[in-house]
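Asks: Dropping a prediction and its sequence here:
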Amino acid sequence: MMPIDATLPYDDSNIFARILRGELPCKKVHEDAFSLAFHDINPQAPLHILVIPKGPYVSWDDFSERGSDAEIAGFVRAVGQVARDLGLVAPGYRLLANVGLDSHQEIPHLHVHLFAGQKLGPMLAR
Ligand code: 5GP
């Protein structure tokens with residue numbers, strides 16, 4: 001897939017918008033008023049979860065600028081809750097959010113990747 005330009009307006013035909021509308025399936029691990037978490041379809045670690053806000057936000061940039069305080073608090077708490085529920089605090093985990101072209105963000109709906117289940121090594125390829 002091509003990386004997306006995170007400055008473009010939100011397009012609700014993206015895959016995660018379709019998952020939120022129930023048009024596409026997902027392996028759900030958590031849902032609340034503001035957030036949905038599900039397994040990545042192509043895991044890059046033994047455990048690879050995506051946490052997304054329910055609102056229409058292209059990226060972390062968009063969400064941090066336009067999201068309401070309640071949405072932001074709800075989403076940040078959901079990310080932590082998912083990790084706690086999965087027992088990941090003691091072994092540790094990694095969060096990652098790609099924004100735009102240089103990061104190779106592919107889906108234009110904010111998602112935080114949660115990786116766990118092994119020693120994750122250096123933060124970036126060397
Ligand atoms: P990005 O590169 O945008 O940060 O990450 C997009 C992620 O979405 C990738 O890890 C990719 O495997 C995942 N993904 C793409 N399409 C689907 C899908 O239809 N379902 C799920 N669960 N994950 C997807």
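Replies: Thanks, I have the structure now.
Asks: Where is the longest strand in this structure?
Replies: strand 47-53 (DSSP state E).
Asks: Give me the sheet partners of that strand and which way each runs.
Replies: strand 35-39 (antiparallel), strand 112-116 (antiparallel) (DSSP bridges).
Asks: Write out the residues of this structure neighbouring the ligand.
Replies: By the rule C-beta under 6 Å from any ligand atom, the part of the chain lying against the ligand is 15, 26, 38, 39, 40, 41, 42, 98, 104, 105, 106, 107. Any C-beta I mention is one placed from the backbone N, CA and C, and that applies to glycine too.
Asks: related to what we said a few turns ago, with distance to residue 46, mean neighbour count and mean pLDDT added, can I get the strands paired with strand 47-53 in TSV?
Replies: TSV is the format used below for the strands paired with strand 47-53 (distance: least, C-beta to C-beta, whole Å; neighbours: other C-beta atoms under 10 Å; pLDDT from 0 to 100):
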stretch	distance to residue 46	mean neighbour count	mean pLDDT
strand 35-39	11	20	99
strand 112-116	7	20	98
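Asks: okay if I get the ones you listed as CSV plus distance to residue 51?
Replies: CSV is the format used below for those (distance: least, C-beta to C-beta, whole Å):
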stretch, distance to residue 51
strand 35-39, 4
strand 112-116, 5
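Asks: Among those strands, single out whichever gets nearest to residue 48.
Replies: strand 112-116 (5.6 Å; C-beta to C-beta).
Asks: Give me the mean pLDDT for the longest strand of the chain.
Replies: For strand 47-53, mean pLDDT rounds to 98.
Asks: who's in contact with it?
Replies: By C-beta atoms under 8 Å, 6 or more residues apart in numbering, the list of residues contacting strand 47-53 from outside reads 16, 20, 29-30, 34-40, 63, 67, 71, 74-75, 78-79, 82, 86, 88, 93, 109-117.
Asks: Residue 66: how many residues sit nearby?
Replies: 14 (other C-beta atoms under 10 Å).
Asks: pretty sure residue 113 is touching residue 103, no?
Replies: No - at 11.1 Å, residue 113 does not count as touching residue 103 under the criterion of C-beta atoms under 8 Å.
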